[in-house]
Structures are given as C-alpha cells and as structure tokens.
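what's the 3D shape of this:
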Amino acid sequence: MIIKGRSICKGKAIGEALVSKNSLSFYGGVNPNTGIIIEKGHELEGECIKDKILIFKSGKGSTVGSYVLYQLAKNKVAPKAIVNVETEPIIAAGCILADIPLIDKLEIDPTSIIKTGDIVEVNGDKGYIKIHINTAVRNPSIC
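Below you'll find the predicted structure:
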C-alpha cells in the first residue's frame, strides 16, 4: 500500500515501524545516548527508536528537542525516518539538522493503519510511504 503525504526532509529509508498514537517530546522523553524512550507513562516507554521508522502524532515540548534529534543521530541511535500525522517546527528542525527523512500530512492517518513491527518504506524525496504488513511476531528491540 502506498500513501502520499508532504515531504519535509528528503531522504529514503526502509525499516520496522514503531508506532504511537500520542505526541512525543524528544527533550526529556528520549535518552539521546541510548535512543530509548524514557517519557513516563508514554505508550512507547522503554522502546528503542534506533533504526526504526518512528511514526507518531506530532512533537511536543521544548525547542531543545530539535538538538536531541541531532544528538541521537551523532550517537548513531536515531530513527531511520519519522512519519507524523502533523509535524511541528521542533521535529522539522531536528530532522533537518540530523538528516532524518520526514513526512507528514498523509492521505490516511498512519497511526490508524500501520502497526508496530510492520515494514515501512519512507520516500522523503517524493513524499510517500509504502507499507509492507509484517505478520511475524515482534520482539521488542534492544539498543
């Protein structure tokens, strides 16, 4: 299945989806040294974002979150790509700094059709994603 959207940061990536219907703060919500989500009570708390296609509603919190995304990339624990329902400036700036492909405003809410563990291709050059449903049993990743 191919879904068109708006490209914000160019690049291409393919990988396992990590999906949240909630917003995510990178500053205080993600450990920049490990890539593990540490936001208390978040549905992805304890998950590792390294090498994932990170799909979530939108960013939230401090503008320092942009630099956390950059630090994640420098520490080689960043997601391969990010897909948002709607991107706000913190995530956009962070992905541009870190050179992480970023797409939003898809024709269909990605959090309603993509499941954690599905394989997703992100094409930030042309503004679309391609979903490959994964039927394998998912084992939580370790960073």
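
Would you mind listing where this protein has pLDDT under the threshold?
134-143 (pLDDT under 70).

Spell out the secondary structure type for the most centrally placed residue in the chain.
Compute the mean C-alpha point of the chain, and by C-alpha atoms, centre = their mean the closest residue is residue 54, 2.2 Å away. When classified by DSSP: H, G, I helix; E, B strand; the rest coil, residue 54 comes out as strand.

Is it in contact with residue 18, as I believe?
Yes - taking contacts as C-beta atoms under 8 Å, residue 54 lies within contact range of residue 18: 5.4 Å. From N, CA and C alone the C-beta is placed, and that goes for glycine too.

Spell out which residues are contacts of both of the two.
Counting by C-beta atoms under 8 Å, 6 or more residues apart in numbering, the contacts common to residue 54 and residue 18 are residue 79.

ok so, going back, residues contacting the residue nearest to the centre of the chain?
Contacts of residue 54 (C-beta under 8 Å, 6+ apart): 18, 79, 81, 82, 83.

just residue 122 next, same as before
11, 12, 13, 14, 53, 80, 81, 83, 101, 103, 129.

In strands, which of the contacts of residue 54 fall?
18, 81, 82, 83 (DSSP state E).

residues contacting the closest residue to the first one other than its chain neighbours?
For residue 18, the nearest residue in space outside its immediate sequence neighbours is residue 52; the separation is 4.1 Å by C-beta to C-beta, 6 or more residues apart in numbering. When contacts are counted by C-beta under 8 Å, 6+ apart, residue 52 is found next to 15, 16, 17, 18, 79, 80, 141.

Try it again at 6 Å.
15, 16, 18, 79 (C-beta atoms under 6 Å, 6 or more residues apart in numbering).

Relative to the whole chain's centre, how far out is stretch 45-65?
Offset of stretch 45-65 from its chain centre (C-alpha atoms, centre = their mean, to the nearest Å): 6 Å.

Pull up the distance across it, start to finish.
17 Å (C-alpha to C-alpha, to the nearest Å).

cool, and stretch 106-118?
OK, stretch 106-118 end separation, C-alpha to C-alpha: 17 Å.
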